[in-house]
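K.L.:
one predicted model, sequence on top.
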Amino acid sequence: MADLTEDPNPVLDIDGLLINQEHNKTQEEDNNNSNSQLKNKSAVFGKDREDNSSKNQNQAERDMASIHRSGSRPQLDLSKAAIGGNFEEKDPTILLPNQSDDLSHLALDIGGSLIKLVYFSRHEGQSIDDKRTKTLKERLGIANGTRRSYPILGGRLHFVKFETTKINECLDFIRSKQLHRGGMDSRHWNAEAPANENAVIKATGGGAFKFADLFKERLGVSLDKEDEMDCLVAGANFLLKAIRHEAFTHIEGRKEFVQIDHNDLFPYLLVNIGSGVSMIKVDGDGKFQRVSGTNVGGGTYWGLGRLLTKCKSFDELLELSQRGDNRTIDMLVGDIYGGMDYSKIGLSASTIASSFGKAISDNKELEDYSPEDISLSLLRMISYNIGQIAYLNALRFGLKRIFFGGFFIRGHAYTMDTISFAIHFWSKGDAQAMFLRHEGFLGALGAFMSYEKHGLDDLMVHQLVERFPMGAPYTGGKIHGPPLGDLNEKISWMEKFVLKGTEITAPVPMAPPPGTTGLGGFEVPSSKGGTLRSDASALNVGVLHLVPTLEVFPLLSDPKTYEPNTIDLADHNELEYWFTVLSGHLPDLVDKAVASEGGTDDAKRRGDAFARAFSAHLSRLIEDPAAYGKFGLANLLELREECLREFQFHDAYRSIKQRENEASLAVLADLFAELDSMSEETRLLSLIEGVLAANIFDWGSRACVDLYHKGTIIEIYRMSRNKMQRPWHVDDFDLFKERMLGSGDKKPQPHKRALLFVDNSGADIVLGMLPLARELLRRGTEVVLVANSLPALNDVTAMEVPVIVAEAAKHCDILRRAAEAGSLLVDAMINPSDSSKENSSSVPLMVVENGCGSPCIDLRQVSSELAAAAKDADLIILEGMGRALHTNFNARFKCDALKLAMVKNQRLAEKLIEGNIYDSPLIDSVNTQIRFQLFGVIVMLVR
Ligand SMILES: CC(C)(COP(=O)(O)O)[C@@H](O)C(=O)NCCC(=O)O
Ligand SMILES: [Mn+2]
């Protein structure tokens with residue numbers, strides 16, 4: 001019988017854990033994780049669901065999906081195939097003993113100064129298929145046979161780089177991660193395993209020739225050389241199509257991310273600035289022509305710079321330029337025109353008229369000029385020249401977009417500004433220079449894509465999630481030390497790194513404040529002196545998680561214009577505010593996290609490491625808000641959760657959630673009785689007020705946590721509900737009521753299926769959302785509770801909801817029947833298919849996971865289960881600040897959508913409600929006269 005843990009096909013079903021932990025966790029940890037998830041799941045249903053027959057079915061499903069894969073995927077080796085388990089089964093396991101996972105793992109671009117590595121690591125598909133999910137999938141039309149087959153494997157794409165002079169470190173890294181044994185099952189990378197005699201690694205760049213023998217000798221692998229231009233173009237095309245906001249403009253110190261329309265990408269000019277410069281007109285995938293180039297490039301800057309300044313490295317030279325003032329050497333227009341602009345032809349006094357021009361008139365020798373000034377003058381001369389030639393070529397072919405890549409740029413602000421200025425100036429604003437976040441990895445990515453079976457072609461933008469683990473030993477993609485084996489080593493590394501200095505908090509400090517470079521970057525750079533490092537403004541490149549099961553939420557009215565974040569952290573005031581808020585929460589969060597792991601010394605150490613890591617992220621963002629790409633508040637809140645998971649805190653609020661669930665369930669029967677005694681209209685209003693009131697139980701909000709000291713859950717809930725006087729700040733209740741209850745001649749129009757995006761545990765779900773769900777069910781609307789896949793703050797997870805519903809159902813027949821019909825109460829059923837027949841008269845209550853582990857939700861990337869459930873839905877209810885305010889406040893849908901949120905944050909109240917915050921309903925605390933003045937409520941019905 002095939003063992004699930006050895007399944008070579010983790011494509012397929014990762015419903016349980018869409019977002020995984022950091023990659024360099026050991027395999028053992030991964031397994032422990034999934035085991036404990038499975039154990040929880042089993043506990044929910046009181047049975048061990050991981051018995052052999054379900055294993056067989058899982059396996060069969062995986063095999064089915066493998067067979068459905070597109071031709072670009074690894075072909076199946078069917079030799080010695082056999083049916084495993086019971087032949088009578090509908091989907092017996094098919095064993096493929098000779099099927100190896102021949103997925104490519106590593107590709108290299110070995111340049112003159114840097115070696116760039118792109119490697120892929122598989123991650124295990126966690127399948128949690130129990131009776132409930134199986135029946136649910138059948139109901140949603142994604143069960144066996146009709147289920148989607150995912151054309152690619154789930155996994156992670158890593159980007160790292162080494163200096164070419166340190167090639168031995170690079171070889172050690174490859175060996176320690178066993179990346180050269182790509183032909184094997186990656187989940188069993190094993191140092192003991194014999195090297196594959198014929199192992200081949202795709203490589204591009206001159207070093208692929210130069211170091212071929214060294215690779216053979218040290219790693220026993222051959223380098224399969226790929227053409228550099230082919231690779232550059234393939235890499236750029238992939239990035240521009242698959243990564244949202246890969247490109248950005250850089251004008252006067254300001255980065256702005258650009259969303260490229262995939263259908264309108266070609267043609268463009270790709271300018272790759274390495275030692276020399278290539279200019280390539282790209283017309284499509286594999287369709288390109290090198291149209292020009294210049295021998296004045298990165299090598300020129302480095303070569304001349306070294307001679308003129310005695311610098312020891314390229315980075316040192318760049319670093320010098322940060323402190324330079326090119327006006328001492330360059331002849332400016334103002335120098336010629338007595339300080340005046342030459343406005344007739346559009347030249348300002350600060351424009352460089354002649355690079356190094358002052359050196360002809362000054363009676364000075366080389367030693368009389370500062371190396372800093374020389375470096376900056378040289379940098380500008382070369383950047384400007386490249387920009388100008390690029391523009392001329394764009395003009396030649398009528399190209400509006402010019403993308404710049406290559407090692408020369410290195411995210412360097414003044415280089416980018418100078419290039420942008422040249423393009424803008426000469427094209428009179430018609431053409432635009434754009435830069436790429438993964439600028440240095442184009443070639444390596446392209447080499448990776450040249451493997452026949454890489455599968456990346458099939459990837460869609462919504463299936464990629466970029467994560468920023470505190471990926472020691474490489475921060476921002478750059479290797480800083482030997483690779484780390486496990487979490488313990490990683491923590492030690494961080495402890496040392498932080499103790500050593502500020503490097504971890506500011507691995508790549510400095511972003512010039514907007515405007516410092518002046519017109520076209522020709523003013524004097526603002527210097528941060530000694531704090532600057534060579535890769536000063538380089539952008540952080542994260543790990544790309546490939547999650548084939550993610551889908552775009554089908555009910556978004558316009559996915560193209562959808563922007564999940566309401567708050568954009570590119571606004572420095574916002575960033576500073578949230579930085580302060582989240583820094584303030586940190587000590588408390590660490591306490592909770594450590595307590596959730598038993599308060600052991602190990603947990604304390606991990607807690608400490610988490611705090612350091614998250615603070616480092618915050619500092620990095622404060623230094624450069626664009627460091628992680630386009631980043632909104634939702635991303636920051638998610639980063640915090642990811643960071644907790646990185647240090648193995650899987651559910652920091654576990655016990656708080658449990659306690660609040662119990663306390664709320666204890667008063668639920670009374671609440672149902674109270675609601676049932678009301679008239680329809682009063683009840684509907686009370687239900688909405690109840691959702692808002694219960695949303696106050698939010699451990700992510702400082703104001704709310706302070707409130708908890710003032711009374712019991714039910715007291716706070718009641719007090720809060722009683723204070724909900726209408727009209728609310730945004731108040732579409734009457735519209736909703738009309739649809740639900742009708743008015744005058746209008747009959748009620750019950751919805752067919754409602755998706756309820758639930759938020760917090762305890763009162764929020766139990767006293768708020770479940771009673772609302774019950775009302776909808778009573779009116780004949782199917783209800784799907786949509787909950788997080790992974791914990792985030794005190795949010796309830798999809799795994800926890802069935803237990804809560806089971807408890808609630810003890811007090812309510814409507815819920816019980818609906819839960820049975822929706823297969824939530826599996827233990828109450830004799831046989832799921834009989835049971836669904838029996839309950840066919842009842843509308844079902846179902847639970848699906850949303851695909852994320854954050855307090856917010858990006859509806860461009862949701863679980864396939866949710867996407868399937870959405871197909872028949874005509875009502876969406878988004879609840880809570882994270883899902884309805886921080887994200888999706890501006891979202892529009894194809895059907896009715898209700899956004900219900902208690903505004904629990906002063907700044908947000910000001911920003912979104914646009915009124916005087918003191919107009920908001922006041923909430924008196926129960927026992928004291930203290931007034932909480934920052935709560936407003938929003939009930940928004942939108943389409
Ligand atoms: C993290 C949250 C979005 C969670 O709110 P919820 O979605 O549970 O209503 C919210 O607690 C929040 O924005 N907190 C910010 C910090 C504060 O106001 O203290
Ligand atoms: Mn929440």
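P.N.:
Arrived safely. Ligands and ions are numbered 1, 2, ... in the order given.
K.L.:
wasn't residue 270 part of a helix?
P.N.:
No - Residue 270: not assigned to a helix; according to DSSP: H, G, I helix; E, B strand; the rest coil it is strand.
K.L.:
which pLDDT value belongs to the residue lying closest to it once chain neighbours are set aside?
P.N.:
The shortest distance from residue 270 to any non-neighbouring residue, by C-beta to C-beta, 6 or more residues apart in numbering, is to residue 280 (4.5 Å). (C-beta placed from N, C-alpha, C; glycine too.) Looking at residue 280, its pLDDT is 98.
K.L.:
repeat for the one 4 residues further on
P.N.:
pLDDT recorded at residue 284 is 96.
K.L.:
how close does it sit to residue 237?
P.N.:
Applying C-beta to C-beta, to the nearest Å, the value for residue 284 to residue 237 is 8 Å.
K.L.:
hang on, the earlier thing: how near is the residue nearest to residue 270 to residue 268?
P.N.:
In terms of C-beta to C-beta, residue 280 sits 9 Å off from residue 268.
K.L.:
ok, the two, which is more surrounded?
P.N.:
residue 268 (24 against 21; other C-beta atoms under 10 Å).
K.L.:
beta partners for that one?
P.N.:
residue 282 (DSSP bridges).
K.L.:
separation between it and residue 225?
P.N.:
26 Å.
K.L.:
returning to what we had before: show me which of residue 284 and residue 237 is the more surrounded one.
P.N.:
Under the criterion of other C-beta under 10 Å, the comparison of residue 284 against residue 237 puts residue 237 first, with 25 against 11.
K.L.:
for the stretch 151-300 of the chain, which residue gets nearest to ligand 1?
P.N.:
Going by C-beta to the nearest ligand atom, ligand 1 is nearest to residue 244 of the stretch 151-300 of the chain, at 22.4 Å.
K.L.:
for the stretch 451-600 of the chain, which segments count as strands?
P.N.:
464-467, 474-475, 478-479, 543-546 (DSSP state E, counting those that start in this stretch).
K.L.:
averaging pLDDT over each of these, which comes out lowest?
P.N.:
strand 474-475 - the lowest mean pLDDT of the strands of the stretch 451-600 of the chain, at a mean of 48.
K.L.:
what's the pLDDT at residue 44?
P.N.:
pLDDT, residue 44: 29.
K.L.:
brain fart, residue 140
P.N.:
73.
K.L.:
that one: how many residues sit nearby?
P.N.:
The number of residues packed near residue 140 is 23, by other C-beta under 10 Å.
K.L.:
ok, now how distant is it from ligand 2?
P.N.:
25 Å (C-beta to the ion, to the nearest Å).
K.L.:
which residue is the nearest non-sequential neighbour of that residue?
P.N.:
Using C-beta to C-beta, 6+ apart, the closest residue to residue 140 is residue 868 (4.0 Å).
K.L.:
so the one you found sits in a helix?
P.N.:
Yes - membership of residue 868 in a helix is supported by three-state DSSP.
K.L.:
count the neighbours of it for me.
P.N.:
Count around residue 868 with other C-beta under 10 Å applied: 21.
K.L.:
in this structure it contacts residue 136, no?
P.N.:
No - with contact taken as C-beta atoms under 8 Å, residue 868 and residue 136 are classed as non-touching, separated by 9.2 Å.
K.L.:
for stretch 400-409, give the mean pLDDT please.
P.N.:
90.
K.L.:
and it, how far from the chain's centre?
P.N.:
Computed by C-alpha atoms, centre = their mean, to the nearest Å, the chain-centroid distance of stretch 400-409 equals 24 Å.
K.L.:
report pLDDT for residue 704.
P.N.:
On the pLDDT scale, residue 704 is placed at 69.
K.L.:
and if you look at residue 800?
P.N.:
Looking at residue 800, its pLDDT is 96.
K.L.:
for it, which residues are in contact?
P.N.:
By C-beta atoms under 8 Å, 6 or more residues apart in numbering, the contact set of residue 800 is 44, 657, 661, 761, 787.
K.L.:
can you add secondary structure and distance to residue 794 and give the residues you listed back as a markdown table?
P.N.:
Output for these, formatted as a markdown table (DSSP: H, G, I helix; E, B strand; the rest coil; distance: C-beta to C-beta, whole Å):
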| residue | secondary structure | distance to residue 794 |
| --- | --- | --- |
| 44 | helix | 19 |
| 657 | helix | 5 |
| 661 | helix | 10 |
| 761 | coil | 5 |
| 787 | strand | 12 |
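K.L.:
near ligand 2, which residues of the protein are found?
P.N.:
Neighbours of ligand 2 within the chain, by C-beta under 5 Å from the ion: 759, 760, 795, 855.
K.L.:
at 8 Å what do you get?
P.N.:
Applying C-beta under 8 Å from the ion, we find that the chain lies next to ligand 2 at 698-700, 759-760, 764, 792-795, 855, 880-883.
K.L.:
quick one: which of these sit in helices?
P.N.:
residue 881 (DSSP state H).
K.L.:
ok, and the most crowded of the residues of the chain next to ligand 2?
P.N.:
residue 759 (32 neighbours).
K.L.:
contact partners for it?
P.N.:
695, 698, 765, 769, 795, 796, 855, 879, 880, 882, 883.
K.L.:
tally of neighbours for the closest residue to residue 556 other than its chain neighbours?
P.N.:
Excluding its sequence neighbours, the residue lying closest to residue 556 (C-beta to C-beta, 6+ apart) is residue 562, at 5.2 Å. By the criterion of other C-beta under 10 Å, residue 562 has 18 neighbours.
K.L.:
from what I see, residue 162 and residue 113 are in contact.
P.N.:
No - assessed by C-beta under 8 Å, residue 162 is found out of contact with residue 113, at 10.3 Å.
K.L.:
neighbour-wise, which of these two wins?
P.N.:
Remark: of residue 162 and residue 113, residue 162 carries more neighbours, 22 against 18, as counted by other C-beta under 10 Å.
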